[in-house]
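Novice: generate a structure from the sequence data that follows.
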Amino acid sequence: MRILVCGDVRGQFNTLLNRVDTVNKKNGPFQMLLCVGSFFSSSASSKGEWEEFVKSGRPFPLPAYILGPTSAGEVACYPGGQAGGDLMGNLTYLGSRGLFTTSEGLKIAYLSGVQSSSPQRYAYQESDVDALAANALVDGFAGVDILMTAEWPRNIQEFAPTPPPVSTQGSASVARLAHTLQPRYHFAAGQDVFYERAPYRNHKILAENPRHVTRFLGIANVGNADKKNRWLYAFQITPMAEMSKAELTRQPELTTESPLASAQAAANARQQAAAAAPSQQFFFDPKALERGQRGRGGHRGRGRGRGGGDHGGFEGRGGYRNRQDSGHHAGSEHGGPPAKRPMDDRGPDCWFCLGSPKVEKHLIVTVGNQCYVALAKGPLMDDHLLVLPIGHHADSVSLPPVVHTELESYKKGIIEYCASKRLSCVFFERNFKSRHLQLQAVPIRHSPEEVKRVFLSQGKERGITLVNVTSDEQLDQLVDKYPSFFHVEFADGQRLFHFIKPNANFPLQFAREVLASVDLLDVPRRVHWKDVKLTVDEETSLTQKVRSAFAKFDPMADDGDEDEGE
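Specialist: Numbers count the residues shown, from 1 in each chain. Below you'll find the model as predicted:
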């Protein structure tokens, strides 16, 4: 594959396209253009400049992929928020972070923005780095072909025969990410200089099997007058999946030791400190909303979603359990003793992790700091929603406190949204053959008592025993004893629970069958999500309609439209 890479564009769209056109005609064809750093300018007129460019009708000559904003001034130019999406023909905003594989098999990871300790729409946090780095936990992970970041990694000059032309501290988090993902090429911007570092190895000589090398390139800003500071870089690459081991692990001359090992050592120390921190009780705590901080709206956005209903075929269990008062302890997200129900199956193959490439971006309704809401694929009705954690968590009772608090906030917002339409709401979760929490929310005109009665009646007919859950403690104990379960909750707080015995054949569509029955929604043809045939355009239109209607009930949107200063 032949690829072009540019540095900070900062609104110089015509300068970029003039050069790309020339290079593509002279040395092409190229398959794609990757833009690292700031694509839009940070000036107050940035959005107007972009709108004028779009009106000009000038197309991008090849598919171009850009990162997110790095300053508050750029945010208005990204209507897709954190989730990404198409900005115009041949121009795609990738999103805040993620990993995707092209049709040719090229694996590209990306992290947008600059680091911040607080959620802001132009910044990433340690949790974003953790989520992206989790791809390396997948069995068989051997690295990525390309990593795109807005910031340079810290210590990149260490061991390099030629130092960078400028002194830069770089980001320790980006260094840790690069050390973990082991890209063959790492492109970054932000320093307004061009720097091509000598390759560095990703293994310890004589201690580990040989691996591929990483080539780091800092790309200069578009349109700069210094010919030494290249702002458009062309290269050719074969996806690692198509290369022999000998080709992939060849060590070029001047290959150095990795300059990023110290960043990983610091990360390990941070994880050990996190593991030693005291844990907290958080299981369905009704006071969690009062104790927890409300999330900022900085992660709102469009896109995503494998929004589907009760999908079967996903084996595996997992989650995160963190308690003090139950007589046993589990490790924190960042380390410690093995959890009773360890997190598993996370990474690019999970349909529901927000950083996964297996997404249908048009189904996203809103994205918070820890959770997101999507339109259900094959919905029972137009307002059938899913609430899902952004990171990989298997069920609602095994969530870290901060994720649980935000999930409860979204439930409250959905109940209020339904009430505004004079409807009640039913939440259900099936933690069986499902590896990522999908809390489904279905608006319904019947009262909680009526819906509960139908669930109990149809459950009895199917031999499914549903137990009334009268307290948070009882639910905790039930889940401890029976890790596979079905759980339904009504708008008035009533809950029913069914534990699924090992090797049992629980009907995957049970909740949809009950809700779609003549006693409730009376939509028998919508029992299975695959039978609900909607085009992408229809799904997109429906998502936009729900997004608009839900906006004023979105608990994460209180201040999400206010751009904070840098």
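Novice: how much space between M243 and Q494?
Specialist: As judged by Cβ to Cβ, to the nearest Å, M243 and Q494 stand 58 Å apart. Bear in mind the C-beta positions are built from the backbone N, C-alpha and C, glycine included.
Novice: my bad, should have said V367
Specialist: For V367, the distance to Q494 - Cβ to Cβ - is 30 Å.
Novice: determine the longest helix present in the chain.
Specialist: Ranked by number of residues, the top helix in the chain under DSSP state H is helix 401-420.
Novice: following that one, which helix or strand comes up?
Specialist: Counting by DSSP states H and E, the element after helix 401-420 in chain order, helix or strand, is strand 424-431.
Novice: show me what that following strand is packed against.
Specialist: helix 401-420, strand 439-444, helix 448-461, strand 485-490, helix 510-516 (3 or more Cβ pairs under 8 Å, 6 or more residues apart in numbering; DSSP states H and E).
Novice: quick one: the helices in the stretch 451-566 of the chain, in order.
Specialist: 472-481, 510-516, 536-550 (DSSP state H, counting those that start in this stretch).
Novice: quick one: mean pLDDT for the last one?
Specialist: It stands for helix 536-550. Regarding helix 536-550, the rounded mean pLDDT is 92.
Novice: list the helices and strands it packs on?
Specialist: Secondary-structure packing of helix 536-550 (3+ Cβ pairs under 8 Å, 6+ apart): strand 364-367, strand 371-375, helix 401-420.
Novice: could I get those in JSON lines, plus columns for distance to A188, mean pLDDT and mean neighbour count?
Specialist: Below are those laid out as JSON lines (distance: least, Cβ to Cβ, whole Å; pLDDT from 0 to 100; neighbours: other Cβ atoms under 10 Å):
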{"stretch": "strand 364-367", "distance to A188": "25", "mean pLDDT": "89", "mean neighbour count": "28"}
{"stretch": "strand 371-375", "distance to A188": "27", "mean pLDDT": "90", "mean neighbour count": "29"}
{"stretch": "helix 401-420", "distance to A188": "30", "mean pLDDT": "91", "mean neighbour count": "21"}
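Novice: make a markdown table from these and add distance to R58 to it.
Specialist: Shown next, in a markdown table, are the helices and strands packed on helix 536-550 (distance: least, Cβ to Cβ, whole Å):
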| stretch | distance to R58 |
| --- | --- |
| strand 364-367 | 29 |
| strand 371-375 | 34 |
| helix 401-420 | 41 |
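Novice: for L17, which of the ones you listed is the nearest?
Specialist: strand 364-367 (29.6 Å; Cβ to Cβ).
Novice: look up how far A220 lies from the nearest residue to R525 once chain neighbours are set aside.
Specialist: Once flanking residues are discounted, R525 sits nearest to D531: 6.2 Å by Cβ to Cβ, 6 or more residues apart in numbering. Look at D531 and A220: by Cβ to Cβ, they are 54 Å apart.
Novice: now do E489
Specialist: Computed as Cβ to Cβ, the E489 to A220 distance reads 55 Å.
Novice: which pLDDT value goes with the residue located most distally from the centre of the chain?
Specialist: Residue farthest from the centre of the chain, counting by Cα atoms, centre = their mean, is E461 at 40.2 Å. Listed pLDDT for E461 reads 91.
Novice: do R346 as well
Specialist: At R346, the model reports a pLDDT of 43.
Novice: one more: N209?
Specialist: 89.
Novice: neighbours of it, how many?
Specialist: The number of residues packed near N209 is 8, by other Cβ atoms under 10 Å.
Novice: what residues does the residue nearest to it when sequence neighbours are not counted make contact with?
Specialist: In this structure, N209 finds its nearest non-sequential neighbour in H203, 6.5 Å apart by Cβ to Cβ, 6+ apart. Each residue near H203 by Cβ atoms under 8 Å, 6 or more residues apart in numbering is listed here: N209, P210, R211.
Novice: next, H203: secondary structure please.
Specialist: Following DSSP: H, G, I helix; E, B strand; the rest coil, the label given to H203 is coil.
Novice: give me phi/psi at it?
Specialist: With angles defined as degrees, to the nearest 10, H203 sits at phi -140, psi 160.
Novice: kindly report the same for R19.
Specialist: Taking degrees, to the nearest 10 as the convention, R19 sits at phi -70, psi -40.
Novice: now do it against Q12, distance only.
Specialist: Separation of R19 from Q12 (Cβ to Cβ): 10 Å.
Novice: shouldn't L466 be in contact with H498?
Specialist: Yes. Assessed by Cβ atoms under 8 Å, L466 is found in contact with H498 at 5.2 Å.
Novice: what's the first-to-last distance across stretch 33-40?
Specialist: Its start and end residues considered, stretch 33-40 measures 16 Å (Cα to Cα, to the nearest Å).
Novice: could you do stretch 463-470 as well?
Specialist: Length of stretch 463-470, first residue to last, Cα to Cα: 22 Å.
Novice: run through who's touching it.
Specialist: With Cβ under 8 Å, 6+ apart as the contact definition, stretch 463-470 has outside contacts at 455-456, 459, 475, 478, 486-488, 494-498, 506-507, 510.
Novice: run the chain-centre distance for it.
Specialist: 34 Å (Cα atoms, centre = their mean, to the nearest Å).
Novice: list the buried ones in that stretch?
Specialist: I464, L466, V469 (16 or more other Cβ atoms under 10 Å).
Novice: where does the prediction get shaky in the stretch 101-250 of the chain?
Specialist: Within the stretch 101-250 of the chain, the segments meeting pLDDT under 70 span 139.
Novice: any idea what sits nearest G95, other than its immediate chain neighbours?
Specialist: Nearest one to G95, counting by Cβ to Cβ, 6+ apart, is G84 at 3.0 Å.
Novice: quick one: the one you found from E539, how far?
Specialist: 17 Å.
Novice: those two: which has the busier surroundings?
Specialist: Legend: neighbour count by other Cβ under 10 Å for G84 and E539, higher for G84 (28 against 19).
Novice: pick out whichever of the contacts of stretch 463-470 sits closest to E196.
Specialist: H487 (54.6 Å).
Novice: looking at it, F39 is touching A64, isn't it?
Specialist: No. Using Cβ under 8 Å, F39 makes no contact with A64, being 9.1 Å away.
Novice: what about those two, which has more around it?
Specialist: F39 (29 against 23).
Novice: wait, a strand at F235?
Specialist: Yes. Judged by three-state DSSP, F235 forms part of a strand.
Novice: what helix or strand is the closest residue to it other than its chain neighbours located in?
Specialist: In space, and not counting its chain neighbours, F235 is closest to I3: 6.1 Å by Cβ to Cβ, 6+ apart. Assigned by DSSP H and E, I3 falls within strand 2-6.
Novice: centre of the chain to that strand, how far?
Specialist: Its chain's average C-alpha position is 25 Å from that of strand 2-6, according to Cα atoms, centre = their mean.
Novice: got the CA positions of it in CSV?
Specialist: Output of strand 2-6 as CSV, limited to C-alpha atoms (Å, rounded to 0.1, in the frame of the first residue of the first chain):
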residue,chain,number,x,y,z
ARG,A,2,1.2,3.5,-0.8
ILE,A,3,0.3,6.1,1.8
LEU,A,4,0.7,9.8,2.4
VAL,A,5,1.0,11.4,5.9
CYS,A,6,0.8,15.1,6.7
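Novice: quick check: buried residues in it?
Specialist: I3, L4, V5, C6.
Novice: then stretch 445-463?
Specialist: For stretch 445-463, by 16+ other Cβ under 10 Å, it's H446, P448, V451, K452, V454, F455, L456, Q458, G459.
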